[in-house]
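A.B. asks: Mind looking at a prediction? Sequence and model below.
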Amino acid sequence: MEEKSNFFKNAQDVARLIPFGRVSSYGAIAKYLGSSNSARMVGWAMNASKGMNVPAHRVVNRKGLLTGIKHFSSPTEMQLLLEKEGVNVHAHQIQNFDELFWDPNVELEL
DNA sequence: TCAATGACCTGCC
DNA sequence: GGGCAGGCCATTG
């Protein structure tokens, strides 16, 4: 285990770089890592980041749907955290996802 | 060690 | 335009 996997470490790092009141998607992070088709691994990294200072609640799928909400301690924890940051979430889905969307490829401009 | 799963995305029919 | 299947990489049983 350890942090030998750059993919996991990178995914967690990018998730940690997500600014306040902003959200990102697995595919965007996966693409930033170089593998847009490895979005699933990003979810795994979030799961492994549980317990760390990684705002996994700011990471959602391409549709802005809180797919990983069930993996949280509480099904409302993720939504509450997002609402606390000023993100409008309805039915486990981000409303202004297009505006709140934070793309590491664009913001970080690699 | 092998096989299956998993918080997804893209492409094809 | 909508639905289905495949693929990716790492972890777990």
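C.D. replies: Received, thanks. Residues are numbered from 1 along each chain as shown, chains lettered A, B, ... in the order given.
A.B. asks: Tell me the residue of chain A that sits nearest DNA strand B?
C.D. replies: A:Gly68 (1.8 Å; C-beta to the nearest atom of the strand). Placement of C-beta: from N, CA and C, glycine included.
A.B. asks: Number of residues surrounding that residue?
C.D. replies: 18 (other C-beta atoms under 10 Å).
A.B. asks: In a helix, it, correct?
C.D. replies: Yes: judged by DSSP: H, G, I helix; E, B strand; the rest coil, A:Gly68 forms part of a helix.
A.B. asks: How confident was the prediction at it?
C.D. replies: For A:Gly68, the pLDDT comes out at 91.
A.B. asks: surely it meets A:Trp44?
C.D. replies: No: here A:Gly68 does not reach A:Trp44: they are 10.4 Å apart, not a contact under C-beta atoms under 8 Å.
A.B. asks: Check whether the lengthiest helix in chain A comes into contact with DNA strand B.
C.D. replies: Identified as the longest helix of chain A according to DSSP state H is helix A:6-17. No: Helix A:6-17 stays clear of DNA strand B (C-beta under 7 Å from any atom of the strand), getting no nearer than 8.8 Å.
A.B. asks: So which elements touch the helix or strand following that helix?
C.D. replies: Of the helices and strands lying after helix A:6-17 in sequence (DSSP states H and E), the nearest is strand A:24-25. Using 3 or more C-beta pairs under 8 Å, 6 or more residues apart in numbering; DSSP states H and E, the elements in contact with strand A:24-25 are strand A:59-60.
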